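Visitor: below: sequence and its predicted model.
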Amino acid sequence: MKTLEILGRSGVSRIVIGSSIGQLEEFCNLERSVIITDQTVRGLHGDLFPQCAVIEIGEGEESKTLKTVEWIYERFLELEVDRSTLVIGIGGGIVCDVTGFTASTYNRGIHFGFVPTTLLAQVDASIGGKNGVNFQRYKNLIGTINQPEFVLCDFDLLKTLPLSELKNGFAEVIKHGLIGDARLFSFLEEYGKKVLDLEPEAIERVVSDSLNVKARIVNMDEMEKGERRKLNFGHTIGHAIEKITGIKHGMAVSIGMVVAARLSQDKSMLSTRETQRIETVLKEFGLPLEIKAGKEAIIDAIKKDKKRTGHEINFVLLNGIGNAEVVPVRIKELEEVMDDLCQYR
């Protein structure tokens, strides 16, 4: 078991890697705690929950809204939640996002922690303090940056995930290797099958190394004014694809990383061999390299991105595997690279 710390404006966030949901009582007063979860997670793991009040929210992006938050506020009032209460989000990224946002805004902020139950949540969604909900068709438009008191990463919870959900999370693990840890990427190249099979030593190694990258970056730039933007590698294109097609986040980010790698190669920042290595690893982890969608719709979504300035957009590229840079890229350059990736022109 390992512990990382993020030193945020709201306090210290402890990330406990290889812990157990059974250790929750060590982190909270159960008489003053409330759990937020969803039906699937409660059905799979509810017998492991500590004895305290449970609020069950809906599943899917349609539940990640202000309407859900308002409904939770009403449950908080019924349960007499106050500033001495700890709110615990047990679930995937949506549960963690909604829990963090609700706790951060109720009574001007109350304590909260997470037990992420998906790989994507363990390596990304529950870490770093970003909490938010969608508004209309815009993802995470309304939110806060506020650190959880703790994040307990229990690898046993991953055993109930379907392979498609594991792949979703591995996209972010690969991303972390590409932007900040060449040794993590090499490990994924060499031991990909062991990682996919969730062999204990392999999964602990990649989750730990992945979290090291994210924690290091967040500690340098919690409010995303510079260094933290590197965590958006693959996400500018990925978010556009996710919005247009509705495919899973990790699948969309995979295609976004291919675009970013090829752009990096075009700018002589990445060798052809390195681009091939990246695409090979993504493929071995069952992640897509191209998309069944029209280029025009994706480019149109990118043009609405807040990082765009005129005919350029700030884009995260690779200056070698393990080293990311934020570089202005012309929209025209994106269009040219995407010609080879979009199966519908």
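Guide: Arrived safely. Numbers count the residues shown, from 1 in each chain.
Visitor: I'd assumed Val34 was in contact with Leu79.
Guide: Yes: proximity of Leu79 to Val34 meets the contact threshold set by CB atoms under 8 Å, at 6.1 Å. Yep, even glycine has a C-beta here, placed from its N, CA and C like the rest.
Visitor: contacting residues for Val258?
Guide: Applying CB atoms under 8 Å, 6 or more residues apart in numbering to Val258 gives the contacts Ile278, Glu279, Leu282, Leu289, Glu290, Leu341.
Visitor: now the helix or strand containing it: buried residues?
Guide: Element membership for Val258 (DSSP states H and E) is helix 249-266. For helix 249-266, a neighbour-count test (16 or more other CB atoms under 10 Å) marks 249-265 as buried.
Visitor: do the same with stretch 74-88
Guide: Quick answer for stretch 74-88 (16+ other CB under 10 Å): Arg75, Phe76, Val81, Thr85, Leu86, Val87, Ile88.
Visitor: what of stretch 229-243?
Guide: 229-243.
Visitor: show residues contacting the helix or strand hosting Ser13.
Guide: Assigned by DSSP H and E, Ser13 belongs to strand 11-17. Contacts with strand 11-17, where a contact means CB under 8 Å, 6+ apart, come from 1-6, 23, 127, 129, 147-153, 204, 207-208, 211, 215.
Visitor: mind redoing it with 10 Å?
Guide: Here strand 11-17 makes contact (CB atoms under 10 Å, 6 or more residues apart in numbering) with 1-7, 23, 26-27, 111, 113-115, 122, 126-129, 146-155, 204, 207-208, 210-212, 214-215, 218-219.
Visitor: quick one on the thing from earlier: looking at the buried residues of stretch 229-243, which is nearest Thr99?
Guide: The closest of these to Thr99 turns out to be Leu231 (CB to CB; 20.7 Å).
Visitor: residues contacting that closest one?
Guide: For Leu231, the contact set (CB under 10 Å, 6+ apart) comprises 124, 128, 130, 172, 175-176, 179-180, 213-214, 217-218, 221, 224, 316, 324.
Visitor: circling back to that earlier point, okay if I get the contacts of Val258 as a markdown table plus pLDDT, neighbour count and secondary structure?
Guide: As requested, the contacts of Val258 are exported to a markdown table (pLDDT from 0 to 100; neighbours: other CB atoms under 10 Å; DSSP: H, G, I helix; E, B strand; the rest coil):
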| residue | pLDDT | neighbour count | secondary structure |
| --- | --- | --- | --- |
| Ile278 | 98 | 27 | helix |
| Glu279 | 97 | 17 | helix |
| Leu282 | 98 | 24 | helix |
| Leu289 | 94 | 16 | coil |
| Glu290 | 90 | 13 | coil |
| Leu341 | 79 | 20 | coil |
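Visitor: state the next helix or strand along the chain beyond the worst-scoring helix or strand of the chain on mean pLDDT.
Guide: Least confident element among the helices and strands of the chain, by mean pLDDT, DSSP states H and E: strand 308-309 (a mean of 63). Sequence order places strand 312-318 as the next helix or strand after strand 308-309, per DSSP H and E.
Visitor: distance of the closest residue to Leu318 other than its chain neighbours from Asn323?
Guide: Nearest non-adjacent residue to Leu318, counting by CB to CB, 6 or more residues apart in numbering: Ser264, 4.5 Å away. Noted for Ser264: a distance of 10 Å to Asn323, by CB to CB, to the nearest Å.
Visitor: residues shared between the contacts of those two?
Guide: By CB under 10 Å, 6+ apart, the residues touching both Ser264 and Asn323 are Leu178, Leu270, Leu317.
Visitor: how many neighbours does the second one have?
Guide: Same thing as Leu270. Using other CB atoms under 10 Å, Leu270 has 24 neighbouring residues.
Visitor: for it, which three-state class applies?
Guide: coil (DSSP: H, G, I helix; E, B strand; the rest coil).
Visitor: so what pLDDT did it get?
Guide: Predicted confidence (pLDDT) for Leu270: 97.
Visitor: so where do the helices sit in the stretch 1-150 of the chain?
Guide: Here the stretch 1-150 of the chain has its helices, by DSSP state H, counting those that start in this stretch, at 39-45, 66-78, 93-105, 119-120.
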